[in-house]
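Colleague: Sequence first, predicted coordinates after that:
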Amino acid sequence: MTTTALNAFARSAALIGLAIAGLATPPIAAHAQTYPARPITIVVPFPPGAGPDLLARVLSEKLAPKLGEPLVVENRPGAGGLIGAGLVAKAAPDGHTLLLTPSNTIMIAPHLMAKGAGGGVDVLKDFAPIILPATTPTVLAVNPQLGVKSTAELVALARKTPDLAYASSGNGSAMHIAGELFKRSADVNMVHVPYKGAQPAVVAALGGEVRVLYMPLGGIVQHIRSGKLVPLGVAEKSRTGLMPDLPTLGEQGYKGVEVNAWYGVLAPAGTPPAVIARLNQEINAALQAADVRERLSVAGMDVVGGTPATLATEMREGYERYGKVVRDFGIRAD
């Protein structure tokens, strides 16, 4: 083929490529302009009443008037959040089925489950990140009957009482991981007592059955305010604006005790970027509403927001970090 012929071929290929691109663009644009075309389902992979359920319902109420369609919250618990996640991963990638999940469960669960369990979901490949709407700090708290008022006093007691127990919401939960990280950092030996969910663990701590627990602030904030539980530290990278005077465990000298609990809104992989952008824009706007911020604050959540890239980064880092922690401690599912 001559040079002239090659140049002509290249020009023709370029023109064909542009034509194909031109044909492909209108459907995506049209999809974005007509989205949503029907009610949107937000799948929450946990039972009603928990933090992610409340967040989903607050956002659905605010988004419905803006999007012009109702948003229906559907609770599909099981397999550490992977049952509900699997349903969304297999849904049509058109923005009409979304997932709202806590980070530390969906990032931890794949490392605990046998291969293929929970629908065989690949949490990093099967979803398109939309937004990280809020975080909920994990707090180390004790029953006041334990007689300690600081983390240092708890460590001293644990060294004298090697069978001192702490409660969590189950084996492999973020609370369990926080407890194990604290034990390693403080060089103490405490007994892990897993309960079947956050609420039973809180009830046990309030009743004195187990007097130490790690729990998202939203699950115990009312008990802290009433004095039934004493907060000792935040198991996060930084302090929470909800309790700015409560130091992190790292600030108190116990490094590496961070579970970085956030919520994520995700769509099935392949959802058009224009739809992702619209949802991100509308949720960011909803998070700025005073009533939304107030309701989330009362529930123990710090409002965040931001770009899909922010959530994608948190997902990648969380997946790698929790995988290492699960392997290091030999943690197994219930």
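Modeller: Ah, there it is. Bear in mind that the values here come from a model prediction, so they are computed numbers and not experimental data.
Colleague: Which helix or strand contains G270?
Modeller: G270 is part of no helix or strand, with elements assigned from DSSP states H and E.
Colleague: what number of residues lie near it?
Modeller: G270 is flanked by 11 other residues according to other C-beta atoms under 10 Å. C-beta: built from backbone N, CA, C; applies to glycine.
Colleague: Is it correct that it is in contact with A128?
Modeller: Yes: between G270 and A128 there is a contact under C-beta atoms under 8 Å: 7.2 Å.
Colleague: would you list every one of the helices in this structure?
Modeller: 3-34, 51-67, 82-89, 103-112, 151-160, 174-186, 198-207, 217-225, 273-287, 290-298, 308-329 (DSSP state H).
Colleague: show me what contacts A134?
Modeller: Residues in contact with A134 (C-beta atoms under 8 Å, 6 or more residues apart in numbering) are 55, 262-263, 287, 296, 301-304.
Colleague: which neighbours do G270 and A128 share?
Modeller: P93.
Colleague: Could you list the low-pLDDT ranges of this protein?
Modeller: The model of the chain has pLDDT under 70 over residues 1-32, 114-119, 334.
Colleague: domains for it, by residue range?
Modeller: As recorded under automatic domain parsing, the domains making up the chain are 38-135+262-329, 138-234.
Colleague: end-to-end on the first one?
Modeller: Think domain 38-135+262-329. Using C-alpha to C-alpha, to the nearest Å, the end-to-end distance of domain 38-135+262-329 comes out at 46 Å.
Colleague: what does stretch 246-253 give?
Modeller: End-to-end for stretch 246-253, by C-alpha to C-alpha: 14 Å.
Colleague: With stretch 206-224 instead?
Modeller: 11 Å.
Colleague: Repeat that for stretch 147-166.
Modeller: Calculated as C-alpha to C-alpha, the first-to-last residue distance of stretch 147-166 is 15 Å.
Colleague: Quick check: the gap between R38 and T97.
Modeller: Here R38 is placed at a distance of 11 Å from T97 (C-beta to C-beta, to the nearest Å).
Colleague: So for these two, which residue has more residues nearby?
Modeller: Taking neighbours as other C-beta under 10 Å, R38 and T97 compare with T97 leading, 20 against 10.
Colleague: Among the domains of the chain, which comes closest to L249?
Modeller: domain 138-234 (4.2 Å; C-beta to C-beta).
Colleague: still on that earlier bit, among the contacts of A134, name the buried ones.
Modeller: Listed as buried from the contacts of A134 are 55, 262-263, 287, 296, 301-304; burial here means 16 or more other C-beta atoms under 10 Å.
Colleague: quick one: contacts of stretch 151-165?
Modeller: Applying C-beta under 8 Å, 6+ apart, the set of residues contacting stretch 151-165 from outside is 140, 142, 146-148, 186, 188-193, 210-212, 232-233, 249, 252, 254.
Colleague: Of the residues you listed, which belong to strands?
Modeller: Taking DSSP state E as the definition of strands, these contribute 140, 142, 191-193, 212, 232-233.
Colleague: Give me the buried subset of those.
Modeller: For these, buried by 16+ other C-beta under 10 Å: 140, 142, 192-193, 212, 232-233.
Colleague: where's A56 relative to P216, distance?
Modeller: For A56 relative to P216 (C-beta to C-beta), the value is 16 Å.
Colleague: again with A174
Modeller: For A174, the distance to P216 - C-beta to C-beta - is 8 Å.
Colleague: overlap in contacts of the two?
Modeller: 138, 261.
Colleague: for V121, what are its contacts?
Modeller: 82, 85-86, 89, 110.
Colleague: can you redo those residues as CSV with distance to P244 and neighbour count?
Modeller: Listed next are the contacts of V121 as CSV, based on distance: C-beta to C-beta, whole Å; neighbours: other C-beta atoms under 10 Å:
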residue, distance to P244, neighbour count
L82, 35, 24
A85, 34, 29
G86, 39, 22
A89, 38, 23
P110, 34, 24
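Colleague: picking up where we left off before, any chance of the helices of the chain in JSON lines, with distance to M243 too?
Modeller: Formatted as JSON lines, the helices of the chain follow (distance: least, C-beta to C-beta, whole Å):
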{"stretch": "helix 3-34", "distance to M243": "41"}
{"stretch": "helix 51-67", "distance to M243": "16"}
{"stretch": "helix 82-89", "distance to M243": "30"}
{"stretch": "helix 103-112", "distance to M243": "19"}
{"stretch": "helix 151-160", "distance to M243": "15"}
{"stretch": "helix 174-186", "distance to M243": "16"}
{"stretch": "helix 198-207", "distance to M243": "17"}
{"stretch": "helix 217-225", "distance to M243": "7"}
{"stretch": "helix 273-287", "distance to M243": "20"}
{"stretch": "helix 290-298", "distance to M243": "11"}
{"stretch": "helix 308-329", "distance to M243": "22"}
